[in-house]
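Undergrad: I need the structure of the sequence given here:
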Amino acid sequence: MNRVVITGMGVVTPVGLNIPDFWQALTAGECGIAPIQGFDVSGMKVKVAAELKGFDPTAFGMDKNTARKLDPFVQYAAAASREAMAQSGLKANENISGQRLGVYIGSGIGGMQTFVNEARKCIERGPEKVSPHFIPMMIANMASGQVAITYGAEGPCLPVVTACATSTHAIGEAFHAIKAGYADAIIAGGSEAAICPLAVGGFTNCMALSTETDPLLACLPFDKRRSGFVMGEGAGIVVLEEREHALARGAAILGEVVGYGNTCDAYHVTAPNPEAAASARAIGLALAEADYQGGERVYINAHGTSTALNDVSETVAIKHAFGEDAARRAMVSSTKSMTGHMLGAAGAVECIAAALALQHGVIPPTIGLTEPDPACDLDYVPLHARDAQCDLALSISLGFGGHNGCVALRRG
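TA: Have a look, this model is predicted:
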């Protein structure tokens, strides 16, 4: 079986539109949550979100005419892929066969803003006024499709849609595809652009979002005051590559993917199973494939949504997977306390945070955690980043529908 390394990373997030700014913000404990600017929220219960600040598609190589035909979720994926591919140095049919280069970029929701805009046209002005670009702008596979077109990636192309676990599964499935020999490299991750009245209203009415108006108090993972998650947006992309292929062309290795777990609670459409057996098994599968040894120092980038049910069940899952003593020795944090919940992009962005933590020997914090929930009793690295060199890092994602994913990383 092949070994799989990371040779490129790219992000657009509420705390930074590139890897250096993103990492600086995470380690500084900066909060990307703020009052919603994209639309009028005066009649809505939810007032805050983690929106991108200052994103301009033309700054990422897209001309205005091209950008106009792409939903924001595709724009974000294109922008993050540009950074990741530039760092990797891969070029189809120069240092990799286009037929051996794949794309696994998913989205939990897809072109929600395009859907809303075109539905409004249809209702108000009739079906003949719907844009001819509506379908290719909206469908959730188009981030993968557009990135494949841009980079001449003719290999496996598999958009994943598993709600909040989307991009963790995209990275995990890409890892297994390369490990098994189906591709030499895959551009993998996720993108989301769903902060609009329809989506905010839907999440609000299913009692998922925080209605706290103070941005610094809205997202409090593992804190007893938590009251729901905060929507975020953006994209996270990694370039995964077969290790010998990367070494042969002199690529810089940023980390190694060493394990992956994928299970389902098969329990409820939105609530996690409180017994956490399936989510613990996803973590356990990743640990087993990573050849985890009990004495290793571990960092876990938790799903950590700041919802009452998730944070407790995830704590239970970690204890089941590691055992009580080892779980208490692990360092756990939720970077959603800073980025908000980026939905289908969350897992990839958090996988990148975990890779950077291994690379730099710094654990990003869970900001705002001043009143720990007694049921959440692990080391959640509260308030401030911590210098710590770890042997293994995990990124956990738990999605609506009971989808559980976990990716394990080591230093390259």
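Undergrad: contacting residues around the spatially closest residue to Gln146 that is not a sequence neighbour?
TA: Nearest residue to Gln146 in three dimensions, chain neighbours excluded: Val74, at 5.3 Å (Cβ to Cβ, 6 or more residues apart in numbering). The way it works is simple: take the backbone N, C-alpha and C, and place the C-beta from them, glycine included. Contacts here follow Cβ atoms under 8 Å, 6 or more residues apart in numbering; on that basis Val74 touches 111, 137, 142-143, 146, 191.
Undergrad: what's the farthest-apart pair in these?
TA: Met137 and Ser191 (13.3 Å; Cβ to Cβ).
Undergrad: Looking at those two now, which is surrounded by more residues?
TA: Ser191 (39 against 23; other Cβ atoms under 10 Å).
Undergrad: Report the contact partners of Leu369.
TA: By Cβ under 8 Å, 6+ apart, Leu369 lies in contact with 220-223, 337, 380, 382-383.
Undergrad: Leaving out chain neighbours, which residue sits closest to it?
TA: Nearest one to Leu369, counting by Cβ to Cβ, 6+ apart, is Pro382 at 4.0 Å.
Undergrad: Contact partners for that neighbour?
TA: Listed by Cβ under 8 Å, 6+ apart, the contact set of Pro382 reads 365-366, 369-370, 372.
Undergrad: and it, bridged to which residues?
TA: Beta bridges link Pro382 to Thr366, judged by DSSP bridges.
Undergrad: How far does the lowest-mean-pLDDT helix or strand in the chain sit from its chain's centre?
TA: Sorting the helices and strands of the chain by mean pLDDT, DSSP states H and E puts helix 64-68 at the bottom, at a mean of 93. Distance, stretch centre to chain centre, for helix 64-68: 26 Å (Cα atoms, centre = their mean, to the nearest Å).
Undergrad: what's that helix packed up against?
TA: Contact partners of helix 64-68 among helices and strands, from 3 or more Cβ pairs under 8 Å, 6 or more residues apart in numbering; DSSP states H and E: none.
Undergrad: all strands for the stretch 101-250 of the chain, in order.
TA: 101-106, 185-192, 234-242 (DSSP state E, counting those that start in this stretch).
Undergrad: Buried ones in stretch 5-14, by neighbour count?
TA: Of all the residues in stretch 5-14, those buried under the rule 16 or more other Cβ atoms under 10 Å are 5-14.
Undergrad: Pick the most deeply packed of the strands of the stretch 101-250 of the chain.
TA: When you average the neighbours per residue for each of these (mean count of other Cβ atoms under 10 Å), strand 185-192 leads with a mean of 35.
Undergrad: Okay, angle between it and strand 234-242 too, please.
TA: Taking axes from the mean of the first three to the mean of the last three Cα atoms, to 10 degrees, one finds strand 185-192 and strand 234-242 inclined to each other by 170 degrees.
Undergrad: Kindly export strand 185-192 (C-alpha atoms) in PDB.
TA: The C-alpha trace of strand 185-192 is given here as PDB (Å, rounded to 0.1, in the frame of the first residue of the first chain):
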ATOM      1  CA  ALA A 185      -2.400  12.900  -6.400                       C
ATOM      2  CA  ILE A 186      -5.900  14.300  -5.500                       C
ATOM      3  CA  ILE A 187      -7.000  17.800  -4.700                       C
ATOM      4  CA  ALA A 188      -9.300  17.300  -1.800                       C
ATOM      5  CA  GLY A 189     -11.500  19.300   0.600                       C
ATOM      6  CA  GLY A 190     -14.700  21.200   0.800                       C
ATOM      7  CA  SER A 191     -16.400  24.500   0.300                       C
ATOM      8  CA  GLU A 192     -19.500  26.300   1.600                       C
END
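Undergrad: what distance separates that strand from the middle of the whole chain?
TA: Distance of strand 185-192 from its chain centroid, counting by Cα atoms, centre = their mean, is 10 Å.
Undergrad: same deal with stretch 213-233?
TA: Centroid displacement of stretch 213-233 relative to its chain, using Cα atoms, centre = their mean, is 18 Å.
Undergrad: same thing with stretch 198-206?
TA: The answer for stretch 198-206 is 20 Å, by Cα atoms, centre = their mean.
Undergrad: Now that stretch: buried residues?
TA: Buried-residue list, stretch 198-206, by 16+ other Cβ under 10 Å: 199-200, 203-204.
Undergrad: swap in stretch 110-124?
TA: 110-118, 121.
Undergrad: and what of stretch 328-337?
TA: For stretch 328-337, the neighbour count (16+ other Cβ under 10 Å) marks 330-337 as buried.
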